[in-house]
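Enquirer: Sequence isn't available, so here's the structure alone:
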């Protein structure tokens, strides 16, 4: 199992709870080692965004949020979502909040289902 596969498996469990997780907590759950544990996690999340966008499913990466971002993911989440063509707005503000809220709602519903 790759680290990205482990992250996806972990986020499916998070989806089942219906409550997003902070970057730091996700990095700890995966036992990522320094240096740059959050950067390692961000790269894995970007890979998951690419995979989910290609598959046409809700972004499981929506389940990871930043403590300093008032419940939003880091700007890189929005930049990657733009790069893969599923989002067309800014990295913060009302449009970003609405996009994330919808993706989070859809991700919880989709990824917490059995199988």
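Expert: Perfect, I can see it now. Predicted model, so just to flag it, every value in this text is computed and none were measured.
Enquirer: Helices along this protein, start to end?
Expert: Ranges of helices within the chain are 3-17, 23-29, 37-55, 75-83, 94-111, based on DSSP state H.
Enquirer: can I get those helices in CSV with mean pLDDT and mean neighbour count?
Expert: All C-beta atoms are positioned from the backbone trio N, CA, C, and that covers glycine. Listed next are these as CSV, based on pLDDT from 0 to 100; neighbours: other CB atoms under 10 Å:
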stretch, mean pLDDT, mean neighbour count
helix 3-17, 94, 17
helix 23-29, 96, 18
helix 37-55, 97, 18
helix 75-83, 97, 19
helix 94-111, 97, 17
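Enquirer: Which one of those helices lies nearest to residue 69?
Expert: For the helices of the chain, proximity to residue 69 was assessed by CB to CB; helix 75-83 is nearest, at 8.4 Å.
Enquirer: Give me the contact list for the closest one.
Expert: 42, 45-46, 49-50, 53, 59, 61-62, 64, 87-92, 96, 99-100, 103 (CB atoms under 8 Å, 6 or more residues apart in numbering).
Enquirer: Same question for stretch 102-115.
Expert: 11-12, 15-16, 18, 20, 57-60, 62-63, 81.
Enquirer: how about those residues, which pair is most distant?
Expert: 16 and 81 (23.0 Å).
Enquirer: Between the two ends of stretch 22-36, how far is it?
Expert: End-to-end distance for stretch 22-36: 16 Å, by CA to CA, to the nearest Å.
Enquirer: got the helices of the chain as a markdown table, with distance to residue 69 columns?
Expert: Below are the helices of the chain laid out as a markdown table (distance: least, CB to CB, whole Å):
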| stretch | distance to residue 69 |
| --- | --- |
| helix 3-17 | 17 |
| helix 23-29 | 9 |
| helix 37-55 | 13 |
| helix 75-83 | 8 |
| helix 94-111 | 9 |
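Enquirer: Quick one: closest of the ones you listed to residue 68.
Expert: helix 23-29 (9.8 Å).
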